[in-house]
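**Student:** attaching a predicted model along with its sequence, questions to come.
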Amino acid sequence: MVFYILRRLLFLPLALFGVSLLVFTMIGFLSPYQRLATFINNPERLKGENVDKLISQYGLDDPIFIQYLRWLKNVFRGNLGWSYVGKGPVFEVILERFPYTLELTIFSVIPIIFLGISLGVISALHHNRVVDHALRIFAVVGWSFPDFVFGLMVLMVFYSALGWFPPGNLSIWAETVVKSPVFRHITGMLTFDALLNGRLDIFWDALRHLLGPIFTLTYVELAFILRITRSSMLEVLQRDYVRTARAKGLSEKVVINKHARRNALIPVATVSGQTVVGLLAGTVIVETIFNRTGLGSFMALAAQQLDYASIMGGTLFFGLILILGNLCVDVSYAFIDPRVRLE
Amino acid sequence: MKRETRRLLKKFFSNFSACLGFVLLVFFFIVAVGAPYIAPPKSARDPYMMPIVTWSSNPLPPSPEHPFGVAGKRDIFYGVVWGTRTAFRIGIIVTVVSTLIGLAVGSIAGYFGKLVDEILMRITDIFMAIPFLVAAIVLATILGAGLDKVIIALIVFSWMYSARLVRGNILQVKEEQFVMAARALGVSDFMIILRHVLPNSIFPVLIQASMRMGSLVITAAALSFLGIGAPQGYADWGALLNYARNWMMGSQGEALRYWYMTVFPGVAMVLFVLAWNLVGDALRDVFDPRLRM
Amino acid sequence: MLQKNLLEVRDLRVYFYSDEKRELKAVDGVSFSVGKGETLALVGESGCGKSVTSMAILRLVDSKGKITGGEVIFDGQNLLLLPESRMREIRGKDIAMIFQEPASALNPVYTIGEQILEAIMLHQKLSPSRAKEVALEMLRLVGIPEPEKRLNEYPHELSGGMKQRAMIAMALSCRPQLLIADEPTTSLDVTIQAQILELIRELQKKLGMALILITHDLGIVADMAERVVVMYAGKVVEEGNRFEIFKNPFHPYTVGLLRSIPRLDVERKKLDTIPGVVPEPSSFPVGCRFRGRCNFETGECVQEPPRTSLSNTHAVYCHHWEKVRDSNAEVLKECRAQ
């Protein structure tokens, strides 16, 4: 297994290299003028004849290949460039925003997986009865809901009409506290930091701002886990070992909760892992709609403004998360299913 | 063969949700085809550009003249009707082209195996290592405004799924007895793939494609929702929803005042995606009961 | 037969309902009995309702099927009338079962030990350490080497024969009075088959339990069973002790089954086979269900065949059993003449 992990990790730099090459090629379609803007952190310098001088100074008219090598050299020096959107070095901006996205992911994954599995099991146990049909409709509609449509509706109903789930990260009063020097930043995630600082009021405020996005992501993502759990449970209930368990005299509750569910959850675990990884990289829309700070909204902004240092850095970071995340999913598989041997 | 087809058709239509999906698709198809009659263009210029109907940028509620109301100076009804065409165009072109690319890449990887396979699959991995939406945003922005740019951006980042599926199928079928038998008879590998392997993987690929249609349309709409892709005023559901963003808060004492800006294009999108998902789901049930969900 | 019967199945009916709500009579009026410590073989081709009968004894017919009639008297009580909780106490404790495919009958995600202990702790209310001793003892009893190690292994780490031994250990861990073995050796290699059968026979003697052996293999029946019930298409067609069935089969189906075993002692040019297959439950013929595959068929066979008692133990359900007897005698004569 150590061998397997090492082999997969060996592929990591290669993949990241590929990702950067791919994104850089796409950026190569832009004219040097468009790209120049992202090199300059002071718009005052972008005036008149300065532009051509700057283009040759930064080598933006060099062949794309040379430019890529130059970017790569900087990366090896630990310099990912200057983020125009985030107003800081790319690396720092990403590290600062990632905890927000991670926090949203952590809070959303809990209801997604918990509800997805329980509803899926309920659906399977009521196979082809009313409850099952209702849950299937619920799931397929959720699955068909674009996150931005559902998000807009959530905002409309739960914020503007009922005033429950406000957008943003924090209320103004809480933000002044968080930005003051007395508030220690430990994890970068507001709810956890608030708890660590012993500020329950801020914890509650941060959580309240998280509810809208959590609700949206839960409904939209839940469907997939529900469907997998249901079909997997239905399949497992037909298996011989379930019959064996019944023949032993176990009660139906034990048969289902112990013998059937444990097996049915094997494929669900993989899908849940993929959901977590997908959420980390898939909160672009939700963060944008709910006006939240985070890696997703940052990437959307960077892409729209063609802030290419941020785009390069961000895609590399996402690539890293996706590849490491999928590796974790595959490795955890071996722990859940004793039959799996990683080679 | 004919009897088999009839049996499968019967099975497909005996499923309620499959029928619902099919009826919805037919409905959207009629709307798309009949768009010039349902919502006649006001002028001779590009009918896909929603005409400007008022001079105030305030939204107007539904009225006999504008049954779905007015958003961003444009008639929502017109946008929803012509947006159906946009959705079909994006969905079908992207699905067909990306599936064909995937089919080619997957067959080559599965057929040649070894080094070629390794290289192609690593390239596939690299394309998959960038989140789909982020990749589409970046490429669509770089290419500039225009529906064709959106389509290209979506194709570039969605061929990998069918490639993987086809490759997996080829590797699996390669081990089957009937392929071994054909090989023992001296049939060339190329003919084997053409005659035995591809026909066997065509249904899974089609099913996967129809199920991907929904998510492609969602992504395309997400792009125009973010203001990327379709040009200003283009008939597109995502673009209509973009107008709604600034009016989310409603007005004093009347929080849901601008509901129509979200609800009409939103419902159109949900139903369109739902239709494809239901049909894809039912197709899978019919052809591969093992994967039943 | 002075001994009181341990299990008595009377007129058992199990019907399945297809998606189109058609009634499929998978088991239709089956009766037989098993005495204490006795071995009964339930014989027939696949699809004849043997497995469904055995599952019905434990009331574990799957959700599409329903026990629609009859009685299952075990130890003086009708199992079909017991509340589910009482039935659960009987399953695994008084009546245990082993299945055809040990590979799929054992839960892949739990160790052998966990699965055996589960049954012991459930029925015997022992402390975990004491239960573990019992489990180890059972594993030793079924001849699994290094039982301490095996206890912590997962099913996939054991060979097919070892899995079936573990399965037997699990079934016998509560010393049941009746063991139902559903094709226990079909999926195993021939040499292992013999070992497992020997093991079952030995344990049966040691623990004094009754055995219902479900099989299509008459070789195994000749080896193991004292009494035989031959089933065809959901009905009993002939029953008797081993000697009666093998020497004087009076039902054409039993004769067909016996003739299709390869034998070394009688010279025959070609192996006889029964033409056709068991029909689907949806197309069982009216009257005698063997009609259509039978050489002795006449117009009479559309009537339900009567039960003819030939001895205390031997009974046959056929209109033409006398003709079958005569034809058997002729065949025998021919063989002798050769």
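**Tutor:** Sure thing, it's come through.

**Student:** in what element of secondary structure is the residue of the stretch 101-250 of chain C at minimum distance from chain B found?
**Tutor:** Going by Cβ to the nearest Cβ, chain B is nearest to C:Ser104 of the stretch 101-250 of chain C, at 16.4 Å. Yep, even glycine has a C-beta here, placed from its N, CA and C like the rest. Using DSSP states H and E, C:Ser104 sits in helix C:102-105.

**Student:** circling back: hmm, A:Asp240 and the residue of the stretch 101-250 of chain C closest to chain B touching each other?
**Tutor:** Yes - with contacts defined as Cβ atoms under 8 Å, C:Ser104 counts as touching A:Asp240 at a distance of 4.1 Å.

**Student:** pick out the residue nearest the middle of chain A.
**Tutor:** A:Leu280 (1.2 Å; Cα atoms, centre = their mean).

**Student:** got the domain boundaries for chain A?
**Tutor:** What automatic domain parsing lists as the domains of chain A is A:2-83, A:94-304.

**Student:** of all the ones you listed, which one is nearest chain C?
**Tutor:** domain A:94-304 (3.6 Å).

**Student:** how about the contacts made by the residue lying closest to B:Phe127 once chain neighbours are set aside?
**Tutor:** Once flanking residues are discounted, B:Phe127 sits nearest to B:Met160: 5.1 Å by Cβ to Cβ, 6 or more residues apart in numbering or on different chains. Counting by Cβ atoms under 8 Å, 6 or more residues apart in numbering or on different chains, B:Met160 touches B:Gly102, B:Thr124, B:Phe127, B:Met128.

**Student:** spatially nearest residue to the first one (excluding sequence neighbours)?
**Tutor:** Across the structure, with Cβ to Cβ, 6+ apart as the measure, the residue nearest B:Gly102 apart from its sequence neighbours is B:Ser162 (2.9 Å).

**Student:** check what pLDDT the one you found gets.
**Tutor:** With respect to pLDDT, B:Ser162 scores 88.

**Student:** was I right to think it contacts B:Thr99?
**Tutor:** Yes - using Cβ under 8 Å, B:Ser162 makes contact with B:Thr99 at a distance of 4.8 Å.

**Student:** got any residues that touch both of these two?
**Tutor:** B:Val205, B:Ala209.

**Student:** these two: which is more packed in?
**Tutor:** For B:Ser162 versus B:Thr99, neighbours defined as other Cβ atoms under 10 Å in any protein chain shown are more numerous around B:Ser162 (26 against 23).

**Student:** helix or strand: which one has the more buried one?
**Tutor:** Secondary structure from DSSP H and E places B:Ser162 in helix B:160-174.

**Student:** okay, buried residues for that helix please.
**Tutor:** Neighbour counts using 16 or more other Cβ atoms under 10 Å in any protein chain shown place B:160-167, B:169-171, B:173-174 of helix B:160-174 among the buried residues.

**Student:** ok, so of these, who is nearest A:Val141?
**Tutor:** Nearest to A:Val141 among the buried residues of helix B:160-174: B:Tyr161, at 23.3 Å, using Cβ to Cβ.

**Student:** and the closest one, what is it in contact with?
**Tutor:** By Cβ under 8 Å, 6+ apart, the neighbours of B:Tyr161 are B:Gly102, B:Gln208, B:Arg212.

**Student:** tell me where the stretch 101-250 of chain C has helices.
**Tutor:** Taking DSSP state H, counting those that start in this stretch as the test, the helices found in the stretch 101-250 of chain C are C:102-105, C:112-124, C:128-141, C:147-151, C:160-172, C:190-207, C:218-224, C:242-247.

**Student:** tell me the one of the contacts of B:Tyr161 nearest chain C?
**Tutor:** Closest to chain C, out of all of the contacts of B:Tyr161 and judged by Cβ to the nearest Cβ, is B:Gln208, at 27.8 Å.

**Student:** touching, the closest one and B:Arg164? I think so.
**Tutor:** No - using Cβ under 8 Å, B:Gln208 is not in contact with B:Arg164; the gap is 9.8 Å.

**Student:** interface residues of the stretch 51-200 of chain C facing chain A?
**Tutor:** Within the stretch 51-200 of chain C, the positions near chain A by Cβ under 8 Å from any Cβ of the partner chain are C:55, C:58, C:60, C:85, C:88-93, C:96-97, C:99, C:101, C:104-110, C:118-119, C:122-123, C:154, C:156, C:167, C:170.

**Student:** where do the strands sit along chain B?
**Tutor:** All strands of chain B, identified by DSSP state E, fall at B:70-71, B:74-75.

**Student:** need the least confident one among the ones you listed, by mean pLDDT.
**Tutor:** Here the lowest mean pLDDT among these goes to strand B:70-71, at a mean of 78.

**Student:** what's next to it, contact-wise?
**Tutor:** With Cβ under 8 Å, 6+ apart as the criterion, strand B:70-71 contacts B:Val53, B:Thr54, B:Pro59, B:Leu60, B:Ile76, B:Gly79, B:Leu240, B:Tyr243, B:Ala244, B:Trp247, B:Met261.

**Student:** quick one: buried ones out of those?
**Tutor:** Using 16+ other Cβ under 10 Å as the burial test, the contacts of strand B:70-71 include B:Pro59, B:Leu60, B:Ile76, B:Gly79, B:Leu240, B:Tyr243, B:Ala244, B:Trp247, B:Met261 as buried.

**Student:** got a winner among the contacts of B:Tyr161 for most neighbours?
**Tutor:** That'd be B:Gly102 among the contacts of B:Tyr161, by other Cβ under 10 Å, with 24 neighbours.

**Student:** just checking, C:Leu207 touches C:Ala171?
**Tutor:** No - C:Leu207 is beyond contact range of C:Ala171, at 11.0 Å (criterion: Cβ under 8 Å).

**Student:** which one's more surrounded, these two?
**Tutor:** Neighbours were counted for C:Leu207 and for C:Ala171 using other Cβ under 10 Å; C:Ala171 has more, 27 against 14.

**Student:** any idea of the pLDDT on the closest residue to that one other than its chain neighbours?
**Tutor:** Closest residue in space to C:Ala171, ignoring its immediate chain neighbours: C:Ala96 at 3.8 Å, by Cβ to Cβ, 6+ apart. Listed pLDDT for C:Ala96 reads 90.

**Student:** in a helix, that's where C:Ala96 is, yeah?
**Tutor:** No - checked against DSSP: H, G, I helix; E, B strand; the rest coil, C:Ala96 lies outside a helix; its state is strand.

**Student:** does the host helix or strand of A:Ala245 reach chain C?
**Tutor:** Taking DSSP H and E as the criterion, A:Ala245 maps to helix A:240-247. Yes - using Cβ under 8 Å from any Cβ, helix A:240-247 reaches chain C at A:Asp240, A:Tyr241, A:Arg243, A:Thr244, A:Ala245, A:Arg246, A:Ala247.

**Student:** and C:Leu141, what pLDDT?
**Tutor:** C:Leu141 is assigned a pLDDT of 86 by the prediction.

**Student:** let me fix that, I meant to ask about C:Lys21.
**Tutor:** 67.

**Student:** enumerate the residues of the stretch 151-293 of chain B near chain A.
**Tutor:** Residues of the stretch 151-293 of chain B lying near chain A (Cβ under 8 Å from any Cβ): B:214, B:218, B:221-222, B:225-228, B:238, B:241, B:244-245, B:248-250, B:255-256, B:259, B:262, B:266, B:269-270, B:273-274, B:277-278, B:281, B:291-293.

**Student:** and the spatially most central residue of chain C, what does it touch?
**Tutor:** Nearest to the geometric centre of chain C sits C:Ile214, at 2.0 Å (Cα atoms, centre = their mean). With contact taken as Cβ under 8 Å, 6+ apart, C:Ile214 is in contact with C:Ala41, C:Leu42, C:Lys50, C:Ser51, C:Ser54, C:Ile180, C:Ala181, C:Asp182, C:Glu183.

**Student:** okay then, goodbye and thanks.
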